[in-house]
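> the sequence and its predicted three-dimensional model are supplied below.
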Amino acid sequence: MLSKRSAAIAGSFGARAASYEEHAGLQRAVAERLDLLLPPLASARVLELGCGTGLFTRHLLARYPDGTFVVSDLAPSMVEQCRRNLANRSRGHVSFEVMDAARPTVDGPFDLIATSMTLHWLTDPSAALNTLRQLLAPDGVLIYATISGKSFPEWREVLIARGLPIGLLDIPELPGIVDEQRLVADPDTLGFLRRMKAIGGMTPREGYAPFSAGALRRAIRASDEKHGGRITWHIVYGRIAASQSSPSMSPA
């Protein structure tokens, strides 16, 4: 059974499944960059966690035409949307599963495990990576892309200065980081918040107490005045091999 928080995350993203890709330009760009970490494999067995509507799944299917795939997400409607989006590509070598990335319900070994823009939603992403790593084949590889705890510094600064609670997630540094990038996807603070809402990414951290609409409007105005509306995403990309006894932690 899902925790209350996991159910809320699944419900929020699931409600946007049909329109998600209209607002997911940043997630699409991240998927394209994560593609660069895909290893050369023949007849690979692949597990994807947090498939969403299939933005990264498309890369996996194109890279490994002879592979077999388990494609999964926490939100049932995301899984169904992914299935529909890939109907002409998946044929019989792809199975679609509703699955919690922190508690995989499939058996390994997998030659490749991949997850894009999902780990930051997990309560303990480092523990999840360790669990997933144990599902790798001896020569297998796990790759991921996720936002880091250094994301959205401008918005955090404004909220702190105004004494407002911060609903942004607390994300620890993760093992295996090999690449990073900083992106600004929206012209102003309101655009940033609207994008987050449109993709279903507004589930706050546990214990968060919302503030008033008036306080939100004033914070948005302050953010635009101080930072020109610039809200920065910090994306980190990781690679962990099954053979690594203790994956390194690279500061990003």
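Thanks, I have it. Predicted model only: the values in this text are computed from it and were never measured.

> ok, and the closest non-adjacent residue to residue 54?
Nearest residue to residue 54 in three dimensions, chain neighbours excluded: residue 82, at 4.1 Å (C-beta to C-beta, 6 or more residues apart in numbering). For glycine as for every other residue, the C-beta is placed from the backbone atoms N, C-alpha and C.

> which elements pack onto the helix or strand where the one you found lies?
Applying DSSP states H and E as the criterion places residue 82 in helix 76-85. Applying 3 or more C-beta pairs under 8 Å, 6 or more residues apart in numbering; DSSP states H and E, one finds that helix 76-85 contacts helix 4-14, strand 68-73, strand 94-98.

> of those, which is nearest residue 207?
helix 4-14 (10.5 Å; C-beta to C-beta).

> which parts of the helix or strand that that closest one is followed by are buried?
Next along the chain after helix 4-14, taking DSSP H and E as the criterion, comes helix 25-34. Neighbour-count burial for helix 25-34 flags 26, 27, 30, 31, 34 (criterion: 16 or more other C-beta atoms under 10 Å).

> from those residues, which is closest to residue 185?
Using C-beta to C-beta, the buried residues of helix 25-34 come closest to residue 185 at residue 26, 4.5 Å.

> does residue 193 touch residue 220 like I think?
Yes: shown here, residue 193 and residue 220 form a contact pair, counting by C-beta atoms under 8 Å, at 7.3 Å.

> distance check, the residue lying closest to residue 76 once chain neighbours are set aside against residue 189.
Nearest non-adjacent residue to residue 76, counting by C-beta to C-beta, 6+ apart: residue 98, 5.0 Å away. Separation of residue 98 from residue 189 (C-beta to C-beta, to the nearest Å) stands at 34 Å.

> which one's more surrounded, these two?
Between residue 98 and residue 189, counted using other C-beta atoms under 10 Å, the more crowded position is residue 189 (25 against 15).
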